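K.L.:
following is a predicted model, sequence given first.
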Amino acid sequence: MAVRESTQVPRQSIPLDRTVRALGVVSLLNDFSSEVTVRTLPLFLSNVLGVRIGIIGLIEGVAESTATLFQLASGYLSDRIGRRKALTLCGYGLSNFTKPLLYFGTAGWGLVLAIRFLDRVGKGIRTAPRDALIADVTPPEQRGKAFGFRKAMDKTGAVMGLLAGAIVLYLSQRDSLTLTLETYLWLVLLAVLPGLASVVVLAGWVEERSKSVAAAGPILGRPRVGGRFWAFIGVLVLFTLGNSSDAFLMLRAQTLGLSTVEIFLAVAAFNLVISLSSTKGGALSDVLGRRGLIVAGWLIYALIYLGFAVASAWWHAWVLYAGYGLYYGAFQGAASALVADLVPSERRGTAYGLFNAAIGVTVFPASVIAGLLWQWFSAAAPFFFGAALAFLSACLLLLIPEEKTNG
């Protein structure tokens, strides 16, 4: 035990791999670009094009389903060909070369659907290989910190994008309650350079270590990725059934008296907390264990959702939104690192595809359940439900045997 500690402590002080740091910058630039375009896209469709809510829902549903399906395929392919960077570059490139086409979105919602489809294809292609690449270049005792750092940079970009978007909104349309075409076009132009810069950074500064190609044969079977991995996915799906779209948090905040601008700023504060806590949270999982940090994150989530259920004043929403960011800070880095710990290195792409797809697929029924609970019972019901599933999932996760770290 003493020998293990003596080798672990110095590792914690070693800077993260250059590739991990470069991917963090890529995430920051890409998320900045996405926040100022995709975040306001539903407003553009509704306020400028006059598209019905049902069509907007269709566009978003197609987009998210596309990302989920391509994550499975891309993760598997990255294991088969043994090349993570090429797929990651392809995904970021596709997204950031198509998003500028939103400038011509006045041609109709059909074009917007096509652009969103290609953007989400890009996300689906890049996510699993990128996460596998981080795991490949990071020693086991730094994986939590590495994944936490990437998430922190991602959310830093989100905060910057939200604030930049708010400035553009203020300067271009002041107190207007609806988004104007001129404002949206400025937002699209603002997003172009950071998006393209993310592709340049990825191409020039991200390095890939040579990896062996996975042996032929079935890769999705239980013996390939391990029973503990599938057990973790099962518990994750249960938790995600209570983790509906964050749109319900915005609606709940509105019932508590927050204006649209205040909700916008509360979301920015939420992202800021994630950016400040994710690296530390991931690093703690390297020292204290992945499972303990995930359980802590889910218990925080349960408390926050209970808070949203019983909240009765406007300031409660501000406090709860900030606390909600701590859940992400504790969960994201630890969960992504746990996936790498549980599966062989030649199966990481597939494992990350399954991990992200499990979340993506389950979010849809989770949001449907939340909407029905809100409609049939009360605004508090979805949050009581989510808190109960989070607590149950935390208990079940403790029953899974401790992870055996894979190098």
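P.N.:
Noted; the coordinates are in hand. Owing to the predicted nature of the structure, the values given are computational and were not obtained by experimental measurement.
K.L.:
in terms of helices and strands, where is the closest residue in space to Ile59 that isn't next to it in sequence?
P.N.:
For Ile59, ignoring the flanking residues on the chain, the nearest one in space by Cβ to Cβ, 6 or more residues apart in numbering is Leu113 at 5.0 Å. Every C-beta, even on glycine, is put in place using the N, C-alpha and C of the backbone. Using DSSP states H and E, Leu113 maps to helix 109-137.
K.L.:
again with Gly307
P.N.:
Short version: Gly307 belongs to helix 290-310, going by DSSP H and E.
K.L.:
show me what that helix is packed up against.
P.N.:
With contacts taken as 3 or more Cβ pairs under 8 Å, 6 or more residues apart in numbering; DSSP states H and E, helix 290-310 sits against helix 260-288, helix 314-342, helix 381-397.
K.L.:
now do the following helix or strand past the second one against helix 314-342, angle only.
P.N.:
Toward the C-terminal end, the helix or strand that comes next after helix 314-342 (DSSP H and E) is helix 348-376. In this structure, helix 348-376 runs at an angle of 150 degrees to helix 314-342, with axes from the mean of the first three to the mean of the last three Cα atoms, to 10 degrees as the basis.
K.L.:
packing partners of helix 348-376?
P.N.:
For helix 348-376, the packing partners by 3+ Cβ pairs under 8 Å, 6+ apart are helix 53-81, helix 109-137, helix 222-225, helix 227-241, helix 247-255, helix 314-342, helix 381-397.
K.L.:
got the buried residues for the fifth one?
P.N.:
Translated: helix 247-255. Residues Phe248, Leu249, Met250, Leu251, Arg252, Ala253 are the ones in helix 247-255 that count as buried (16 or more other Cβ atoms under 10 Å).
K.L.:
pLDDT of that helix, averaged?
P.N.:
Rounded to a whole number, the mean pLDDT of helix 247-255 is 76.
K.L.:
same check, this time on the first one
P.N.:
Confidence over helix 53-81, taken as the mean pLDDT, stands at 76.
K.L.:
once you drop chain neighbours, what's closest to Ala283?
P.N.:
Closest to Ala283 by Cβ to Cβ, 6+ apart is Lys145, at 3.9 Å.
K.L.:
number of residues surrounding that neighbour?
P.N.:
27 (other Cβ atoms under 10 Å).
K.L.:
returning to that earlier point: just give me the neighbour total for the residue nearest to Ile59.
P.N.:
Other residues near Leu113 number 17, with proximity taken as other Cβ under 10 Å.
K.L.:
separation between it and Ile55?
P.N.:
9 Å (Cβ to Cβ, to the nearest Å).
K.L.:
one step back: in the helix holding Leu113, what's buried?
P.N.:
109, 112-113, 115-137.
K.L.:
mind putting the helices and strands packed on helix 290-310 into TSV with distance to Gly24, mean neighbour count and mean pLDDT?
P.N.:
Formatted as TSV, these follow (distance: least, Cβ to Cβ, whole Å; neighbours: other Cβ atoms under 10 Å; pLDDT from 0 to 100):
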stretch	distance to Gly24	mean neighbour count	mean pLDDT
helix 260-288	9	21	79
helix 314-342	12	23	83
helix 381-397	27	21	92
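K.L.:
which of these sits closest to Ile294?
P.N.:
Closest of those to Ile294 is helix 314-342, at 5.1 Å (criterion: Cβ to Cβ).
K.L.:
from the contact counts, what lies against the closest one?
P.N.:
For helix 314-342, the packing partners by 3+ Cβ pairs under 8 Å, 6+ apart come out as helix 109-137, helix 143-173, helix 227-241, helix 247-255, helix 260-288, helix 290-310, helix 348-376.
K.L.:
what's the angle from the longest one to helix 314-342?
P.N.:
Direction vectors for helix 143-173 and helix 314-342, defined by the same axes, to 10 degrees, enclose an angle of 140 degrees.
K.L.:
tell me the helices and strands packed up against helix 143-173.
P.N.:
In terms of contacts (3+ Cβ pairs under 8 Å, 6+ apart), helix 143-173 is packed against helix 18-35, helix 109-137, helix 181-205, helix 260-288, helix 314-342.
K.L.:
in stretch 17-25, what counts as buried?
P.N.:
For stretch 17-25, burial by neighbour count (16+ other Cβ under 10 Å) applies to Asp17, Thr19, Val20, Arg21, Ala22, Leu23, Gly24, Val25.
K.L.:
can you check stretch 196-206 too?
P.N.:
Leu196, Ala197, Ser198, Val199, Val201, Leu202, Val206.
K.L.:
of those, which is the nearest to Tyr327?
P.N.:
Using Cβ to Cβ, those come closest to Tyr327 at Ser198, 26.4 Å.
K.L.:
for Ser378, see how far away Leu69 is.
P.N.:
Computed as Cβ to Cβ, the Leu69 to Ser378 distance reads 35 Å.
K.L.:
settle it for me: which of those two has more neighbours?
P.N.:
The neighbour comparison of Leu69 against Ser378 (other Cβ under 10 Å) goes to Leu69, with 16 against 12.
K.L.:
how close does Arg116 sit to Gly108?
P.N.:
According to Cβ to Cβ, Arg116 and Gly108 sit 13 Å apart.
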